[in-house]
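S.K.: My questions concern the predicted model and sequence given below.
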Amino acid sequence: MRHRCPPSNRVRRAATVVGAGLLAAVLGGCSGLGRTSVGIVAYDTDKKSHALVNSPPVKGCHRLGAEGAVALTNDTLVDLIAYPTADCSGKDSIYVATMTSDVVAPGAGPWKSYSFVH
């Protein structure tokens, strides 16, 4: 009967380095696949219409329709920022954490766009 010796520390270390490298390559390759926010962004307009956006992409600026939103619910897994302009800019933005909602302040205009915090 032949007796096998356990792998040396050098072999184990090399296998660990190769495994970690492969894992990093796989995860790095998947990061550009267009992650979504997983969930629903719901908003109401000033004219009492209701809209639902299902799992929008995490990247980019998203418009809130021509009228904008006066109430917004973030039922996604990613926090977002709502803006008073259509291009995700402006000083009067609001942070809406995941699974929370917000309404515009009295006298303020509607939010016109949002982007995710990533």
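M.R.: Perfect, thanks for sending it. Computed from a prediction, not measured in an experiment: that's the story for all the values here.

S.K.: pLDDT weak spots in this protein?
M.R.: Within the chain, the segments meeting pLDDT under 70 span 1-33.

S.K.: Pull the contacting residues for residue 44.
M.R.: If you count contacts by Cβ atoms under 8 Å, 6 or more residues apart in numbering, residue 44 has them with 50-51, 69-72. No exception for glycine: its C-beta is placed from N, CA and C like everyone else's.

S.K.: cool, residue 104 as well?
M.R.: Residue 104 neighbours (Cβ under 8 Å, 6+ apart): 69-71, 110-111.

S.K.: Filter the contacts of residue 44 down to the buried ones.
M.R.: 69-72 (16 or more other Cβ atoms under 10 Å).

S.K.: Present those residues as JSON lines; the columns should include secondary structure.
M.R.: Formatted as JSON lines, the buried ones among the contacts of residue 44 follow (DSSP: H, G, I helix; E, B strand; the rest coil):
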{"residue": "69", "secondary structure": "strand"}
{"residue": "70", "secondary structure": "coil"}
{"residue": "71", "secondary structure": "strand"}
{"residue": "72", "secondary structure": "strand"}
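
S.K.: Need the max-distance pair from these.
M.R.: Greatest spacing in the buried ones among the contacts of residue 44, by Cβ to Cβ: 70 and 72 (8.3 Å).

S.K.: Next, count neighbours for residue 52.
M.R.: By other Cβ atoms under 10 Å, 10 other residues sit near residue 52.

S.K.: Could you list everything it pairs with in the sheet?
M.R.: Here residue 52 sits in beta bridges with residue 42, going by DSSP bridges.

S.K.: do the same with the one 10 residues further on
M.R.: With DSSP bridges applied, the residues forming beta bridges to residue 62 are residue 114.

S.K.: Surely it is in contact with residue 87?
M.R.: No: in this structure, residue 62 is not within contact of residue 87 by Cβ atoms under 8 Å, at 10.9 Å.

S.K.: what sits in contact with each of the two?
M.R.: residue 113.

S.K.: More neighbours: those two, which one.
M.R.: Per other Cβ under 10 Å, whichever of residue 62 and residue 87 has more neighbours is residue 62, with 17 against 11.

S.K.: Contact partners for that one?
M.R.: Residues near residue 62 by Cβ under 8 Å, 6+ apart: 41, 53, 56, 113-115.
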